[in-house]
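**Student:** Here is the input, now give the coordinates:
(4 chains)
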2 protein chains.
Amino acid sequence: MSPENLHVPHECRAVGEMLSRVGDKWTMLVVDLLGDGPKRFTEVKRALGSISQRMLTLTLRNLERDGLVTRTQFETIPPRVDYELTELGHSLRYPVKALSDWVVANRRDITAARARFDEAQEPKRKLLKLA
Amino acid sequence: MSPENLHVPHECRAVGEMLSRVGDKWTMLVVDLLGDGPKRFTEVKRALGSISQRMLTLTLRNLERDGLVTRTQFETIPPRVDYELTELGHSLRYPVKALSDWVVANRRDITAARARFDEAQEPKRKLLKLA
DNA sequence: TTCCTTGGTTACAAAAAGAGACCAAGGCTC
DNA sequence: GAGCCTTGGTCTCTTTTTGTAACCAAGGAA
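**Tutor:** Residues are numbered from 1 along each chain as shown, chains lettered A, B, ... in the order given. Take a look at the predicted model:
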């Protein structure tokens, strides 16, 4: 039942690189968002809310480069650009969903753990200040 | 079959925050490594290879704060500190494995897509230089 | 005596992310 | 027809985050 032979050592580095690439701040969120159909730039931006235009551009560019989304540009004014998951992009939705399910299932525990940890640290800081 | 109702909008922000927290450069790698038993600081460091001492300290501290690992300190000289996944930490291994399996299965496609993309960008840069 | 060890911390440098102004160029309002 | 709005960016500047390298304690080994 446990995830065994996770350490094909040769692949470890490559997997690590990809994990930190795909697991950056916005990538999974964007993949998730594009999951239910193509969206244009500003739609994604609005849905994400807090992302800056620059970071969205960068994130989408990287996704495009990795073959996870396609970029379709319409030569209209004002411009219109649609982003859509490729087949590869869609396949990424499953592991992303596994992770976000885990987050949903466990975030209360995590929040509680944080509170406990911070609580335990606080007195130490007080002691240091007194010393 | 498709990951539906992924958008419980209220939870979206919280999930996003957790994803970018847990999906930082080293966290998943460390969780993965600790998966087959407790390890001491330097063991993890050596296994990861390229991580700096500072980032490993930070990563482990965050994992501890989130209740995903425990830190056990032995009062010996030289010091010895063991890090071990908690139950919560172990539960994270499954989605992490799902993601790393995806990476293993698809990284050739991704590498190829990147090469294609970079190839397509190269001529443009040349044209710009000529202009 | 000198060096090595571990698990850090600190100060400083480099890289990445975020904030915000600016742009093209046509449509709409007044 | 002057002025404003729109979209999908880019450019510049500031703030965070990462990385690098030096230092530390304190005992054991050479």
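
**Student:** Closest to the centroid, which residue in chain A?
**Tutor:** Taking C-alpha atoms, centre = their mean as the criterion, residue A:28 is the residue nearest the geometric centre of chain A, at 3.0 Å.

**Student:** which residues touch it?
**Tutor:** A:22, A:96, A:99, A:100, B:19, B:23 (C-beta atoms under 8 Å, 6 or more residues apart in numbering or on different chains). The C-beta positions use only the backbone N, C-alpha and C, and glycine is treated the same way.

**Student:** show me what contacts the first one?
**Tutor:** The contact partners of residue A:22, taken as C-beta under 8 Å, 6+ apart, are A:28, A:66, A:92, B:99, B:103.

**Student:** from the residues you listed, which two are the most distant?
**Tutor:** The span of the contacts of residue A:22, defined through C-beta to C-beta, is set by A:66 and B:99 at 14.3 Å.

**Student:** Next up, the contacts around residue A:53.
**Tutor:** For residue A:53, the contact set (C-beta under 8 Å, 6+ apart) comprises residue A:45.

**Student:** Give the next helix or strand downstream of the helix or strand of chain A with the lowest mean pLDDT.
**Tutor:** Every helix and strand of chain A was ranked by mean pLDDT, DSSP states H and E. The lowest is helix A:9-22, at a mean of 71. Next along the chain after helix A:9-22, taking DSSP states H and E as the criterion, comes helix A:27-34.

**Student:** Verify the stated contact: residue A:48 with residue A:29.
**Tutor:** Yes. Taking C-beta atoms under 8 Å as the definition, residue A:48 is a contact partner of residue A:29 at 6.2 Å.

**Student:** hey, where'd the helices end up in chain A?
**Tutor:** Shown for chain A, the helices assigned by DSSP state H span residues A:9-22, A:27-34, A:41-48, A:53-65, A:87-130.

**Student:** could you give the mean pLDDT of the third one?
**Tutor:** For helix A:41-48, mean pLDDT rounds to 93.

**Student:** can you tell me if it touches DNA strand C.
**Tutor:** No. Helix A:41-48 lies out of reach of DNA strand C by C-beta under 7 Å from any atom of the strand, never closer than 10.2 Å.

**Student:** Distance from that helix to the middle of the chain?
**Tutor:** Helix A:41-48 has its C-alpha centroid displaced from the chain centroid by 15 Å (C-alpha atoms, centre = their mean, to the nearest Å).

**Student:** now swap in stretch A:23-31 and tell me
**Tutor:** For stretch A:23-31, the distance to the chain centre is 2 Å (C-alpha atoms, centre = their mean).

**Student:** shared neighbours of residue A:48 and residue A:29, which are they?
**Tutor:** Residues touching both residue A:48 and residue A:29 by C-beta under 8 Å, 6+ apart: residue B:16.

**Student:** Stretch A:18-28 spans what distance, first to last residue?
**Tutor:** From its first residue to its last, stretch A:18-28 covers 13 Å (C-alpha to C-alpha, to the nearest Å).

**Student:** check whether that stretch contacts DNA strand D.
**Tutor:** No. Contact of stretch A:18-28 with DNA strand D (C-beta under 7 Å from any atom of the strand) is absent, the minimum separation being 8.2 Å.

**Student:** Now that stretch: buried residues?
**Tutor:** Residues A:18, A:19, A:20, A:22, A:23, A:24, A:25, A:26, A:27, A:28 are the ones in stretch A:18-28 that count as buried (16 or more other C-beta atoms under 10 Å in any protein chain shown).

**Student:** if we can go back for a sec, nearest to residue A:108, of the contacts of residue A:22?
**Tutor:** residue A:28 (20.7 Å).

**Student:** Report the separation between that closest one and DNA strand D.
**Tutor:** 15 Å (C-beta to the nearest atom of the strand, to the nearest Å).

**Student:** Residue A:51 now?
**Tutor:** From residue A:51 over to DNA strand D (counting by C-beta to the nearest atom of the strand), the distance is 12 Å.
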